[in-house]
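[1] sequence first, predicted model second:
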Amino acid sequence: MLNKQTVKFTKSLQNKKFRRLYNQFIVEGEKSVLEVMTSDFSIDKILVTQTFINKYKRELKSFSERLEIATEAELADAGSLQSNDAAIAICAIKTLDLPATFADDWIICLDTINDPGNLGTIIRIADWYGISTIVCSEDTADVYNPKVINASKGSFIRVSVYYTNLQGFLTAANRPVYAADLQGENIHTTLFPSKGILVMGNEAHGMTAEVKKLIQHTITIPRYGHAESLNVGIATAIFCDRIRSSNVTI
């Protein structure tokens, strides 16, 4: 059984204040914990059920001194998931400094994305389309929020997420800047270049005025039915797919 102090500490990491104080975050669930175990993230402790230990004895061998046995109920109490029959890993937050140059062909910029689930989904989409860099405005949701980590389905391990002043970043960027906007060129007739930046705006209000001034190409996803809008994660996926299909050599 877990002691109350461990449960309280683990639960506190759902709060950004305590994540920053302790410089740690949690990864929950069987698949995500297994992935983070093979990554370059530093793991302080893994709370595990006996079932998880029995199933993954070989994988857990090098973590034997960092394991604490827990019941499913204790994992649910300590973490953010309603049910968890596997594990919670307590990991160190990475300190990432924005590099001067990027090897990526495309970069996604997020302007005030508030919903953690949307950020996690966009990280997963970026990973699927081979985009390993996301640059966020400073008021975008925290990448280490458990809802972001859970929604990314392990992709947070492969995608680097930076926070900076987007206006300054876009001003200095030496590549074309595209953005999703209701008023713009039809995405279906747009041929995207091999390198660029894609800016996605806030779920309700779109891009901030300061960022919008720096957009060189506005692109719209045309509506054929009657839905009011598209979720920002879905819109990002459509853009990423079009970007990749524009650069396919047959």
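    Nice, I can see it.

[2] helix, strand or coil for Arg124?
    With DSSP: H, G, I helix; E, B strand; the rest coil as the basis, Arg124 sits in helix.

[3] the strands in the protein, which residues?
    For the chain, strands defined by DSSP state E occupy the ranges 24-28, 43-48, 67-69, 87-92, 106-110, 133-137, 160-164, 177-186, 196-200, 217-220.

[4] Leu110 is in contact with Val211, correct?
    No. With contact defined as C-beta atoms under 8 Å, Val211 and Leu110 do not form a contacting pair (10.3 Å). Any C-beta I mention is one placed from the backbone N, CA and C, and that applies to glycine too.

[5] which neighbours do the two share?
    Each of 137, 199 lies in contact with both Val211 and Leu110 under the rule C-beta atoms under 8 Å, 6 or more residues apart in numbering.

[6] nearest residue to Thr94 other than its sequence neighbours?
    One thing to correct before we go on: residue 94 is Lys, not Thr. Counting by C-beta to C-beta, 6 or more residues apart in numbering, Lys94 lies nearest to Phe41, which is 7.0 Å off, once chain neighbours are set aside.

[7] list the buried residues for the helix ranked longest in the chain?
    Identified as the longest helix of the chain according to DSSP state H is helix 232-246. Neighbour-count burial for helix 232-246, with 16 or more other C-beta atoms under 10 Å as criterion, is recorded at 232-233, 235-240, 242-244.

[8] how about stretch 69-89?
    Neighbour counts over stretch 69-89 (16+ other C-beta under 10 Å) mark 70, 74-76, 78-81, 84, 86-89 as buried.

[9] can you check stretch 180-195 too?
    When neighbours are counted by 16+ other C-beta under 10 Å, the buried residues of stretch 180-195 are found to be 180-181, 184, 187, 190, 192.

[10] which of those sits closest to Met200?
    The shortest separation between Met200 and any of these is 5.7 Å, and it belongs to Ala180 (by C-beta to C-beta).

[11] the closest one and Phe239 touch, don't they?
    Yes. Ala180 sits in contact with Phe239 when judged by C-beta under 8 Å, with a separation of 6.4 Å.

[12] between these two, what contacts are shared?
    198, 200, 219, 221.

[13] and the first one, what does it touch?
    The one in question is Leu198. Taking C-beta under 8 Å, 6+ apart, we find Leu198 in contact with 106-109, 178-180, 236, 239-240, 243.

[14] quick check: it vs Ala209, distance?
    Leu198 is 19 Å from Ala209, where distance means C-beta to C-beta, to the nearest Å.

[15] got a list of what Ala92 touches?
    Here Ala92 is in contact with 23-24, 41-44 (C-beta under 8 Å, 6+ apart).

[16] make JSON lines from the residues you listed and add distance to Asn118 and neighbour count to it.
    Formatted as JSON lines, the entries for the contacts of Ala92 read as follows, by distance: C-beta to C-beta, whole Å; neighbours: other C-beta atoms under 10 Å:
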{"residue": "Asn23", "distance to Asn118": "25", "neighbour count": "13"}
{"residue": "Gln24", "distance to Asn118": "24", "neighbour count": "21"}
{"residue": "Phe41", "distance to Asn118": "23", "neighbour count": "17"}
{"residue": "Ser42", "distance to Asn118": "27", "neighbour count": "11"}
{"residue": "Ile43", "distance to Asn118": "27", "neighbour count": "17"}
{"residue": "Asp44", "distance to Asn118": "28", "neighbour count": "12"}
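
[17] now, the most widely separated pair of those residues?
    Of all pairs drawn from those, the widest gap by C-beta to C-beta lies between Asn23 and Ile43 and measures 13.3 Å.
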